[in-house]
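Visitor: let me see the structure of the following:
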Amino acid sequence: MSASSPPACVPHRAPFALSGAARLQRSAQAAPIWPLYWLLYGLLVSLLIWSGASRSQPVAMSGDAGLFDPGPFTLERFDDNLVDGPANRSLPLRLRVPRPCAAATPRPVILFSHGLGGSRAGGARWGEHWASHGFIVIHLQHPGSDESLWRAGPGTFDAARLRLGMTPEQAILRVRDVAAVLDWLAGRQASDPRLACLDLARVGMSGHSFGAQTTQVVAGQGRLIWPSAAIQPGSATPAAPLRDNRISAAIAFSPAIRGADEASVAAITLPFMVVTGALDDGGALTGVTPAMRRAVYERLAPGKAWLLWFAEGDHMVFNGGSPRAARQQADAHVLRVAGGLSLAFWRATLLNDAQAALWLSGDGPRAVLSPGDTFESR
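Guide: All right, here's what the predicted structure looks like:
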C-alpha cells in the first residue's frame, strides 16, 4: 500500500449528493472511525519510511561492525598455474573469488606474496577474510624462493637450504612475478567467466617477510632488499625502477630495511600499512630485528603511512595461518585485529570508503588493541 492509494479495506465510491440530514448522520457515524484510521495509517507509513531510510544509510563503523567477522560473500577457491614465457617460470597461483562474479559488479584485486620457503598456501587467513568481504585475492608462489628450498620429502625441513633463495636474483624474479601475474590476469579475464568481475584499475599488493620486501619494491622503494645470510638483509639498487604503477595501495606484514637503505623507503608514495610486532625478528637466519621492521613505517612519506604493532606479534603469526597451540590466545588476537584493520585499510584505499578512512583515523582501532599494541599513522 502506498501513501497515495485509498485504504484497501474501504470501498471506493463515486461521490453523490446527500441531503443535509443524511450528511449530518453520515458525518456523525464516520467521525470516530476516519481520524483513528488515518492516524494509524500515518504512523504505519512513517514507520515504513523510517525503517527503509535507516537501512539505506551507511552504518557507523565500530569494533563490532563486521570488520572482524567473516564477510557475507561465499567464495570459490581454485588453483592455477601461470607460465611466464620470457622468464620461463611456472608460477603456482591460488585464487579466492567472491560470488557472484559478474562484469557488472567489478571487484578490486589484492595480490599476496609469501615469505622465504613459503607457497601459495601462505596468507590464507588474510585471503579468506578479505575475499569474504568482496575482494578478489590471488596468492603467488615464487619458484626459487618457495617451499622447494626445504622440501626434500614429506615432513622434512632443511633450514640451511633456505639460504639458497636469499639472493638479489630471486628478489628481482619475485618483483617480475608480480608484473607477470597482473599481465596474465588482464588477458585471462576475457576468457574465464570465473574472473569476469576483476577490476584491474584497483589493485592492492601485500606479502609476508620476503613477500613484504617484494611489496615494498613494487610499491616504489628505491632499493632492492632481500633476506641475506645471517646478520642483515642484503640490498642493491636495481638497474631500472621496479615499481609497478598498477599497484594502488599496499600492506606489508613483517617488512624490513636496514639503516643505510632507510631513505629509499621515502620513494613509496602510495598508501602503505606496516604490520609487525615486538617479537617479529628474523633470528639467526636473517638477523632482522623488530626495529628494522618498524623503520619501514618511520621512513615512509608522511600522510600515507600506517603502523599496526602487536606486543605479542612474532614472525610466523603474520604469515596468516591458524593459531598455534602454544600461542593460541596471542595468535587469535593478532589474527583477528590484523584481519579487521587491514580490511578497513583496503576499503578506504581500494573502495574509496570514506567511513572506513574515518574509522581508521578515529578511536575505533584502538578500542580493539591489547596493552602494548599500537596503531598509528603519519
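
Visitor: how about the contacts made by C197?
Guide: 97-98, 100-103, 105-107, 136 (Cβ atoms under 8 Å, 6 or more residues apart in numbering). Using the backbone N, CA and C atoms, a C-beta is placed for each residue, glycine as well.

Visitor: whoops, I mixed them up, L285
Guide: L285 touches 159, 162-163, 227, 230, counting by Cβ under 8 Å, 6+ apart.

Visitor: surely G122 and A212 touch.
Guide: No: G122 sits out of contact with A212 when judged by Cβ atoms under 8 Å, with a separation of 11.4 Å.

Visitor: domain assignment for this protein?
Guide: The record's domain parsing of the chain by automatic domain parsing lists 20-56, 74-377.

Visitor: which neighbours do G122 and A212 share?
Guide: Joint contacts of G122 and A212 (Cβ under 8 Å, 6+ apart) are G115.

Visitor: ok, A236 touching Q221?
Guide: No: using Cβ under 8 Å, A236 is not in contact with Q221, being 11.9 Å away.

Visitor: who has more neighbours, the two?
Guide: Each of A236 and Q221 has its neighbours counted (other Cβ atoms under 10 Å); Q221 has more, 28 against 13.

Visitor: per-residue confidence at that one?
Guide: Q221 carries a pLDDT score of 93 in this model.

Visitor: surely it is within a strand?
Guide: No: counting by DSSP: H, G, I helix; E, B strand; the rest coil, one finds Q221 to be coil, located in no strand.

Visitor: sorry, back to before: to F68, which of the domains of the chain lies closest?
Guide: domain 74-377 (3.7 Å; Cβ to Cβ).

Visitor: and that closest one, how far apart are its ends?
Guide: 33 Å (Cα to Cα, to the nearest Å).

Visitor: assign H139 to helix, strand or coil.
Guide: strand.

Visitor: helices along this structure, start to end?
Guide: Listed in chain order, the helices of the chain (DSSP state H) span 20-30, 34-56, 124-132, 159-162, 168-188, 210-218, 283-286, 290-299, 328-350, 354-361.

Visitor: okay if I get these as JSON lines plus distance to H315 and mean pLDDT?
Guide: Output for the helices of the chain, formatted as JSON lines (distance: least, Cβ to Cβ, whole Å; pLDDT from 0 to 100):
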{"stretch": "helix 20-30", "distance to H315": "80", "mean pLDDT": "39"}
{"stretch": "helix 34-56", "distance to H315": "44", "mean pLDDT": "36"}
{"stretch": "helix 124-132", "distance to H315": "15", "mean pLDDT": "98"}
{"stretch": "helix 159-162", "distance to H315": "13", "mean pLDDT": "78"}
{"stretch": "helix 168-188", "distance to H315": "18", "mean pLDDT": "93"}
{"stretch": "helix 210-218", "distance to H315": "11", "mean pLDDT": "96"}
{"stretch": "helix 283-286", "distance to H315": "8", "mean pLDDT": "78"}
{"stretch": "helix 290-299", "distance to H315": "9", "mean pLDDT": "95"}
{"stretch": "helix 328-350", "distance to H315": "11", "mean pLDDT": "98"}
{"stretch": "helix 354-361", "distance to H315": "25", "mean pLDDT": "94"}
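
Visitor: nearest to I268, of those helices?
Guide: Going by Cβ to Cβ, the one of those nearest I268 is helix 210-218, 6.9 Å.

Visitor: what's the distance between the closest one and the middle of its chain?
Guide: 16 Å (Cα atoms, centre = their mean, to the nearest Å).

Visitor: CA atoms only: put that helix into PDB for me.
Guide: Presented in PDB, the C-alpha positions along helix 210-218 are these (Å, rounded to 0.1, in the frame of the first residue of the first chain):
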ATOM      1  CA  PHE A 210      60.400 -11.800   1.800                       C
ATOM      2  CA  GLY A 211      56.900 -11.100   0.300                       C
ATOM      3  CA  ALA A 212      56.700  -7.900   2.300                       C
ATOM      4  CA  GLN A 213      60.000  -6.800   0.800                       C
ATOM      5  CA  THR A 214      58.700  -7.700  -2.600                       C
ATOM      6  CA  THR A 215      55.700  -5.500  -1.800                       C
ATOM      7  CA  GLN A 216      58.000  -2.600  -0.800                       C
ATOM      8  CA  VAL A 217      59.800  -2.700  -4.100                       C
ATOM      9  CA  VAL A 218      56.700  -2.900  -6.400                       C
END
